[in-house]
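Chemist: build me a model:
(one chain, ligands or ions: 3)
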Amino acid sequence: MWRRATKSSLFLRLLKPSKHNASLSQSSTNGFPFHIHTHTHFQEKHGIFSKEVAPFITFVLGGPGSGKGTQCAKIVETFGFNHLSAGDLLRREMDSDSEYGSMILNTIREGNIVPSEVTVKLILREMESSDNHKFLIDGFPRSEENRIAFEKISGVEPHMVLFFDCPEEEMVKRLLSRNQGRIDDNIDTIKNRLKVFEALNLPVVEYYAKRGKLYRINAVGTADEIFEQVRPAFEACEVAK
Ligand SMILES: Nc1ncnc2c1ncn2[C@@H]1O[C@H](COP(=O)(O)OP(=O)(O)O)[C@@H](O)[C@H]1O
Ligand SMILES: Nc1ccn([C@@H]2O[C@H](COP(=O)(O)OP(=O)(O)O)[C@@H](O)[C@H]2O)c(=O)n1
Ligand SMILES: [Mg+2]
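Modeler: Residues are numbered from 1 along each chain as shown. Ligands and ions are numbered 1, 2, ... in the order given. Modelled structure (predicted):
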């Protein structure tokens, strides 16, 4: 849709904050400010960027099993985002004839992080071919290296970052009963994924908290209860609706 957009009111709405957005860009009712970017740098660097509607990017973070995928499905249903799960993109690449296939398989099996250039390439490829300009990027960035690579290659930053905060024992319980046949949902790999999350992903969470972009959500409760904490983040933001 955004590829076909003319210099329409949608484009102008994205670039020119409404009164409502303008007040959010300073501080916020829910503690999360918004930044409206014009993305000229982004547009110059990529084909995606010849599109006339600037992308609206939300990163979705949280430990393994914290409910990222479950909540993303609800956000898609309610707010019409394109959901890009970094883990799903890597698994799809692994199952294709990719030169990276065995490297991705081994990395996921261990619970470690795939080199950023591979993951960023997969995400940007999806973004470029999308008709939707609103993106939920789930499970990314999982490290400072991921974050910096995305920023360098794309030239853009997320508008907001959701963080699903969940106790470890709850995450372990959910992962062990996920039953999707994943090679990494076993107790040994889960232990490493939790270590990697703490060492590499929490610094990213702190980075966005310091920049005032983090929306922290208590990820304990039913999926519907948790979504009621997520909903205001999108409702408060005119361009995300
Ligand atoms: N609020 C919740 N309470 C209990 N189980 C949940 C909740 N949200 C998700 N789950 C279940 O926990 C598992 C992990 O959820 P998922 O959304 O895949 O998390 P993530 O993408 O963060 O790993 C899935 O089996 C899912 O059905
Ligand atoms: N940015 C990312 C995302 C996932 N991955 C790999 O993919 C695995 C599964 O990611 P996922 O997001 O599907 O996992 P969940 O947190 O949803 O359980 C991770 O444990 C990493 O091995 C990665 O290397 N880099
Ligand atoms: Mg997931």
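Chemist: and the strands in this protein, which stretches?
Modeler: 56-62, 82-85, 134-138, 160-165, 214-218 (DSSP state E).
Chemist: quick one, which of these is nearest to ligand 1?
Modeler: Across the strands of the chain, ligand 1 has its closest neighbour in strand 56-62 (5.3 Å, C-beta to the nearest ligand atom). C-beta: built from backbone N, CA, C; applies to glycine.
Chemist: quick one: that closest one to strand 160-165, angle?
Modeler: 10 degrees (axes from the mean of the first three to the mean of the last three C-alpha atoms, to 10 degrees).
Chemist: can you tell me which residues contact Val172?
Modeler: Gly65, Ile187, Ile190, Leu194 (C-beta atoms under 8 Å, 6 or more residues apart in numbering).
Chemist: just Cys166 next, same as before
Modeler: By C-beta under 8 Å, 6+ apart, the neighbours of Cys166 are Gly62, Gly63, Gly65, Ser66, Gly67, Ala219, Val220.
Chemist: per-residue pLDDT of it, please?
Modeler: Note on Cys166: pLDDT of 98.
Chemist: again with Arg4
Modeler: 34.
Chemist: related to what we said a few turns ago, of all the contacts of Val172, which two lie farthest apart?
Modeler: Gly65 and Ile187 (12.2 Å; C-beta to C-beta).
Chemist: so what's the residue count around the closest residue to Ile190 other than its chain neighbours?
Modeler: Distances taken as C-beta to C-beta, 6 or more residues apart in numbering put Leu175 closest to Ile190, at 5.4 Å, once the chain neighbours are dropped. When neighbours are counted by other C-beta atoms under 10 Å, Leu175 registers 22.
Chemist: what sits against whichever residue of the chain sits closest to ligand 2?
Modeler: Using C-beta to the nearest ligand atom, the single residue of the chain nearest to ligand 2 is Gly87, 1.8 Å away. Gly87 is in contact with Ile108, Asp138, Gly139, counting by C-beta under 8 Å, 6+ apart.
Chemist: measure the last one to Ala236 for me?
Modeler: Going back to what we said before, that points to Gly139. 24 Å (C-beta to C-beta, to the nearest Å).
Chemist: likewise the first one?
Modeler: Distance, Ile108 to Ala236, using C-beta to C-beta: 35 Å.
Chemist: surely Gly63 meets Leu194?
Modeler: Yes - the pair Gly63 / Leu194 is scored as a contact, 6.5 Å apart, by C-beta atoms under 8 Å.
Chemist: still on that earlier bit, now the strands of the chain in CSV, with distance to Phe227?
Modeler: Below are those laid out as CSV (distance: least, C-beta to C-beta, whole Å):
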stretch, distance to Phe227
strand 56-62, 13
strand 82-85, 14
strand 134-138, 13
strand 160-165, 11
strand 214-218, 9
